[in-house]
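1. Here you go, sequence then predicted model.
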Amino acid sequence: QNCFVCGKSGAAITCSEMGCDRSFHLPCAAEGCCVTQYYLQYRSFCCDHRPEQSVQLVPEANNKCIICLEPVEDQRSYSTMVCPVCKSAWFHRGCIQGAALHAGIGYFKCPLCREVIQFRNEMFHMGIRIPIR
């Protein structure tokens, strides 16, 4: 299969959406705004079929990432996420992924409200990999 992101052959990941035949390399997934869910069935989705956050908020113009303190986009996007519980903690996908890798499953929680269960479930759903260690 050819990767729909880079165009090269050898793409082993296929979108889990029924009827979608898009394939991509795992390293190309982020560049192509694809989501891979690293729990239960380990499903992957292309940019057109990736899951959306359950919270339907749009960030305000001056919101900053709670982790790196840099501005987040002023619109919902692949790279901008929010805590589904407090709805106040905005962060970049890359920043929350780094926090998840650092914390591990036992200590990963919202950086602002500290909620664990709903936050972790939403991050799993959105393709944030949280290691068990």
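-> Cool, got the structure. Predicted model only: the values in this text are computed from it and were never measured.
2. Share the number of residues neighbouring residue 114, please.
-> For residue 114, the count of nearby residues is 12 (other CB atoms under 10 Å). In this view, the C-beta of every residue, glycine as well, is placed from N, C-alpha and C.
3. Now it, what are its backbone angles?
-> The phi and psi values for residue 114, taken as degrees, to the nearest 10, are phi 70, psi 10.
4. how's the protein carved up into domains?
-> In the domain annotation for the chain, the residue ranges read 1-49, 51-132 (the TED database).
5. so who does residue 25 touch?
-> By CB atoms under 8 Å, 6 or more residues apart in numbering, the contact list for residue 25 reads 3, 5, 6, 8, 10, 11, 12, 13.
6. and it, what pLDDT?
-> On the pLDDT scale, residue 25 is placed at 95.
7. And it, how far from residue 85?
-> Distance of residue 25 to residue 85, given as CB to CB, to the nearest Å: 34 Å.
8. can you check residue 22 too?
-> 33 Å.
9. One more: residue 57?
-> 12 Å.
10. Which of those two has more residues huddled nearby?
-> Applying other CB under 10 Å to residue 57 and residue 85 shows that residue 85 carries more neighbours, namely 19 against 13.
11. Who are the contact partners of the closest residue to the more buried one other than its chain neighbours?
-> In space, and not counting its chain neighbours, residue 85 is closest to residue 115: 4.2 Å by CB to CB, 6 or more residues apart in numbering. Shown in contact with residue 115 (CB under 8 Å, 6+ apart): 83, 85, 86, 109.
12. Then residue 111?
-> For residue 111, the contacting residues are 66, 67, 89, 91, 99, by CB under 8 Å, 6+ apart.
13. Would you format the residues you listed as a markdown table with neighbour count, pLDDT and secondary structure included?
-> Formatted as a markdown table, the contacts of residue 111 follow (neighbours: other CB atoms under 10 Å; pLDDT from 0 to 100; DSSP: H, G, I helix; E, B strand; the rest coil):
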| residue | neighbour count | pLDDT | secondary structure |
| --- | --- | --- | --- |
| 66 | 21 | 95 | coil |
| 67 | 17 | 97 | coil |
| 89 | 22 | 94 | coil |
| 91 | 26 | 95 | strand |
| 99 | 20 | 97 | helix |
